[in-house]
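Asks: Sequence and predicted model, in that order:
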Amino acid sequence: MHILKMVKKVPGGLMIVPLLLGAAFNTWLPGLITLGGSGTFTSYLWKSGAMPILAVFLFCNGAQINVKRAGIPLAKGVVLTTVKVGLGILLGVLVNKIFGDAGILGIAPLAIVGAISNSNGGLYAALAGEFGDETDVGAVSILSINDGPFFTMLALGATGMADIPFMTLVGCVLPIVVGCILGNIDEDIRSFCAPGATMMIPFFAFPLGAGLTFTNLVSAGLPGILLGVVCTLVTGLVGYLVYKIGRVKRPQVGAAIGTTAGNAAATPEAVAAADPALAVVAAAATVQISAAIIVTAILCPLLVTFLDRVERKNHPERYVDDNREKAAIDGEMV
């Protein structure tokens with residue numbers, strides 16, 4: 001059997017196939033992935049272990065960053081964060097000004113800002129690792145500042161709780177920084193960590209999916225699905241176009257911000273706690289954002305893969321090294 005080859009044929013397969021399997025098990029067979037209780041190896045691997053595995057993934061990618069090119073991940077992270085947050089705030093404020101708190105097509109401004117301005121760092125890192133290079137993955141250290149309710153509350157005027165959890169940000173960046181330091185002072189460590197930059201993807205994708213259920217998608221209905229589609233197409237395509245204008249070597253990675261973070265579903269309640277006037281729409285916004293999380297997890301890898309094919313067809317000279325590496329791997333398998 002050639003399971004791995006089949007998975008890789010799926011757009012963004014290393015991430016999306018395990019993620020959807022995790023969601024499927026969590027929906028219909030939740031007891032199987034927590035067999036033996038929450039403290040077992042089974043539970044850690046299939047249900048609750050996404051973050052530690054993702055931390056190793058970030059460390060391994062950090063080890064691949066060359067300090068001579070350290071400014072590139074920083075620049076990419078700033079650009080992508082500006083695009084993601086800026087579009088989320090702009091669309092949410094415009095809808096609020098024109099249609100009020102009720103929003104448009106059943107989608108409240110609170111849901112729009114919460115879903116569009118928050119990106120899935122794990123999914124971005126996985127797609128960046130598959131379609132980009134170490135500088136693209138390193139950009140997640142900056143992109144992570146849009147994680148949480150800060151920008152949503154800022155956009156909606158609830159500034160009473162508007163502060164960035166600085167130590168959380170430090171904790172997100174530190175594995176990349178330590179990996180980068182070790183990888184630069186010892187080339188052997190960089191080589192040792194290189195396989196982990198891709199091998200870890202399915203192992204954190206499954207438990208990330210196990211935190212979702214397909215019933216969220218059904219209960220949100222058309223507004224939630226539409227929110228996810230808009231999030232992927234608008235922020236993904238703008239991220240791609242900005243990278244194209246900036247002549248980034250692999251602009252398709254810019255579309256990897258077309259996602260909604262898993263913890264964005266908690267944003268409406270946090271905002272409602274700061275501004276009770278929004279409590280009326282918070283419940284619906286939570287369900288809609290939950291749907292957007294699932295929809296974007298499916299659509300964003302498809303979009304990035306499509307754009308990757310376009311770029312490879314139009315600019316084959318940029319992927320000569322990739323083709324040589326693939327040929328070498330195929331030769332070893334034979």
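Replies: Alright, I've got the coordinates.

Asks: So for the residue nearest to the spatial centre of the chain, what's the nearest residue that isn't a sequence neighbour?
Replies: Centrality entry for the chain: nearest residue to the mean C-alpha point is residue 120, 2.7 Å, by Cα atoms, centre = their mean. In this structure, residue 120 finds its nearest non-sequential neighbour in residue 259, 3.9 Å apart by Cβ to Cβ, 6 or more residues apart in numbering. Bear in mind the C-beta positions are built from the backbone N, C-alpha and C, glycine included.

Asks: swap in residue 78?
Replies: The spatial neighbour of residue 78 that comes closest, neighbours along the chain excluded (Cβ to Cβ, 6+ apart), is residue 142 at 5.8 Å.

Asks: Distance check, the one you found against residue 116.
Replies: Note on residue 142: its distance to residue 116, by Cβ to Cβ, to the nearest Å, is 18 Å.

Asks: These two: who's more crowded?
Replies: residue 116 (34 against 21; other Cβ atoms under 10 Å).

Asks: Okay, now the unreliable bits of the stretch 151-300 of the chain?
Replies: Counting by pLDDT under 70, the stretch 151-300 of the chain has low-confidence residues at 151-169, 172, 216-217, 219, 263, 266, 270, 273-275.

Asks: Check which helices and strands the helix or strand hosting residue 215 sits against.
Replies: Using DSSP states H and E, residue 215 maps to helix 214-230. Helix 214-230 sits against helix 13-28, helix 109-116, helix 279-314, with contacts defined as 3 or more Cβ pairs under 8 Å, 6 or more residues apart in numbering; DSSP states H and E.

Asks: Tell me how far the last one lies from the chain's centre.
Replies: Going back to what we said before, that points to helix 279-314. Averaging C-alpha positions (Cα atoms, centre = their mean, to the nearest Å) puts helix 279-314 9 Å from its chain's average.

Asks: Then the second one?
Replies: Here helix 109-116 is found 16 Å from its chain centre; the criterion is Cα atoms, centre = their mean.

Asks: what's downstream of that helix, the next helix or strand?
Replies: Where DSSP H and E defines the elements, the next helix or strand beyond helix 109-116 is helix 121-131.

Asks: same question for that next one, mean pLDDT?
Replies: For helix 121-131, mean pLDDT is 87.

Asks: residues making contact with it?
Replies: Among residues not part of helix 121-131, those counted as contacts by Cβ atoms under 8 Å, 6 or more residues apart in numbering are 12, 14-15, 19, 50, 54, 57-58, 61, 136-137, 139-140, 143-144, 147, 172, 197-198, 201, 204-205, 208, 250, 252-253, 256-257, 259, 261-262, 297, 300-301, 304-305, 308.
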